[in-house]
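Undergrad: Have a look at this prediction, sequence included:
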Amino acid sequence: MQDLKITVIQSDLHWEDIGANLAMFEEKIWQINEPTDVIVLPEMFTTGFTMAASKLAERMNMRTFKWMKQMADQTGALILGSFIALIHDRYYNRLLWMEPGGNFKTYDKRHLFRMADEHLDYSAGESLLIGHWKGWRICPLVCYDLRFPVWSRNKWNATLKRPTYDLAIYIANWPKVRIHAWDTLLKARAIENLSYVVGVNRVGIDGKGIEYNGLSSIINPKGEPVFTVEGMEAIKTVAISGNSLLSYRDKFPAFLDADDFTVEVEPISEENF
């Protein structure tokens, strides 16, 4: 595995203004002053964490989709971020995995934040995404997913003779009032899954008066921060080491003693829509 360069963009967001956010992030992407492999944007980076899905949702292959494709093509990097997607008359908090050349994947947020009534406006995702990029297996997740370790449990893959993924990426709008949980759980996910973990959060105050202080971080498999930034906008590129990851797993293969289990997901019934 080669080293992987990851660019974290921690930013304030324009409330419910897709055009303003796309223009802002385009400027920030052009401020990246070195080659990078992965660019990570926050959750709902085009709108902020809003429940106004019917007003702001986009269909696939429209404005945000095309913008991410353009940015991936121009930078040569994989770009990750979520937006409000309208799919067959349902709304999803959809993470888009966009590669240069237009190859893309999607992950719909599985755990919807009921304390903000997200579960009333959006539909939950039904499957985990493991994508392959530059020799790394990457599992992207969204915000509240961080609190549910079973969903992202990194299991030993007997066929590949390696764990299912090497890097978990959490994008979020995680408020300052609960930032200790964010910080603690990012480290826990890295330790228990013997993987790197990247968490990208926003800063600023949203349209509902909720304050965010970022604390975006890159955590190594031992749970130690490689990089962290709090309370300000930031653009930072950090290389994570494939050799260090493999060496640590060889010396400490705790995944070989993990309990075996499966996660059953009940499909969404068409009768409910």
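TA: The structure has been received and is ready for your questions.
Undergrad: Spatially, what comes nearest to I84 if we skip its sequence neighbours?
TA: Of all residues beyond its chain neighbours, the one nearest I84 is A57 (4.5 Å), with distances taken as C-beta to C-beta, 6 or more residues apart in numbering. The C-beta positions use only the backbone N, C-alpha and C, and glycine is treated the same way.
Undergrad: mind checking the SS state of W67?
TA: Using DSSP: H, G, I helix; E, B strand; the rest coil, the structure places W67 in helix.
Undergrad: Quick check: it touching L22?
TA: Yes: the pair W67 / L22 is scored as a contact, 5.2 Å apart, by C-beta atoms under 8 Å.
Undergrad: hey, which helix or strand in the chain has the poorest pLDDT?
TA: strand 156-157 (a mean of 86; mean pLDDT, DSSP states H and E).
Undergrad: which element follows that strand toward the C-terminus?
TA: strand 162-163 (DSSP states H and E).
Undergrad: tell me what that next one is packed against?
TA: Under the contact definition 3 or more C-beta pairs under 8 Å, 6 or more residues apart in numbering; DSSP states H and E, strand 162-163 sits against strand 156-157.
Undergrad: Parallel or antiparallel, list what pairs with the strand it packs on.
TA: Sheet pairing here is set by DSSP bridges, and for strand 156-157 it gives strand 162-163 (antiparallel).
Undergrad: Please save the CA atoms from the following helix or strand past the partner strand in PDB.
TA: The C-terminal neighbour of strand 162-163 among helices and strands, as given by DSSP H and E, is strand 167-171. Coordinates of the C-alpha atoms in strand 167-171 are reproduced here as PDB (Å, rounded to 0.1, in the frame of the first residue of the first chain):
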ATOM      1  CA  LEU A 167      -9.700   3.800   6.400                       C
ATOM      2  CA  ALA A 168     -13.000   5.100   7.700                       C
ATOM      3  CA  ILE A 169     -14.100   8.600   6.800                       C
ATOM      4  CA  TYR A 170     -16.800  10.400   8.800                       C
ATOM      5  CA  ILE A 171     -18.200  13.600   7.500                       C
END
